[in-house]
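1. fold the following.
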Amino acid sequence: MGLREWALGGVLLSPFLVYVLLALLLTAGVRLLLRLTSLSRWIWHEALFDCALFVCILSLVTSMLGPL
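-> Just a heads-up that it's a prediction; the model follows:
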């Protein structure tokens, strides 16, 4: 995908915005999967876990879709 800005109505948007939105959707999916399988009962601090999970997924998305 590269890291070039997109012009949308004269506003430059970073492709990192797409990475963040994709990571947010994937994080929500993983959290839903954890709740359905009742593995979320092992999570001690949910907000901290959500933040760490989002950062991990965002780094994976960026490394897979970003430039080499």
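
2. now do the helix or strand where residue 29 lies: which elements does it pack against?
-> For residue 29, the host element (DSSP states H and E) is helix 16-36. Under the contact criterion of 3 or more Cβ pairs under 8 Å, 6 or more residues apart in numbering; DSSP states H and E, helix 16-36 touches helix 46-65. To be clear about C-beta, it is placed using only N, CA and C from the backbone, and glycine gets the same treatment.

3. around residue 13, how many other residues sit close by?
-> By the criterion of other Cβ atoms under 10 Å, residue 13 has 12 neighbours.

4. that one contacts residue 4, correct?
-> No - here residue 13 does not reach residue 4: they are 10.4 Å apart, not a contact under Cβ atoms under 8 Å.

5. distance of the nearest residue to residue 60 once chain neighbours are set aside from residue 7?
-> Among residues not flanking residue 60 along the chain, residue 23 sits closest, at 8.0 Å (Cβ to Cβ, 6 or more residues apart in numbering). Separation of residue 23 from residue 7 (Cβ to Cβ, to the nearest Å): 24 Å.

6. residue 37: neighbour count?
-> Counted with other Cβ under 10 Å, residues neighbouring residue 37 total 8.

7. now do the contacts for it.
-> Residue 37 makes no contacts at all, as judged by Cβ atoms under 8 Å, 6 or more residues apart in numbering.

8. next, it: phi, psi?
-> phi -90, psi 10 (degrees, to the nearest 10).

9. per-residue pLDDT, residue 53?
-> pLDDT for residue 53: 98.

10. quick one: the residue lying closest to residue 6 once chain neighbours are set aside from residue 44, how far?
-> Counting by Cβ to Cβ, 6+ apart, residue 13 is the residue found nearest to residue 6 once chain neighbours are left out, at 4.7 Å. From residue 13 across to residue 44, the span is 37 Å (Cβ to Cβ).

11. go on, residue 51?
-> Applying Cβ to Cβ, the value for residue 51 to residue 44 is 13 Å.

12. and those two? Which one has more around it.
-> Between residue 51 and residue 44, counted using other Cβ under 10 Å, residue 51 has the larger neighbour count: 12 against 6.

13. pLDDT score assigned to the residue of the chain positioned farthest from its centre?
-> Residue farthest from the centre of the chain, counting by Cα atoms, centre = their mean, is residue 10 at 26.4 Å. On the pLDDT scale, residue 10 is placed at 87.
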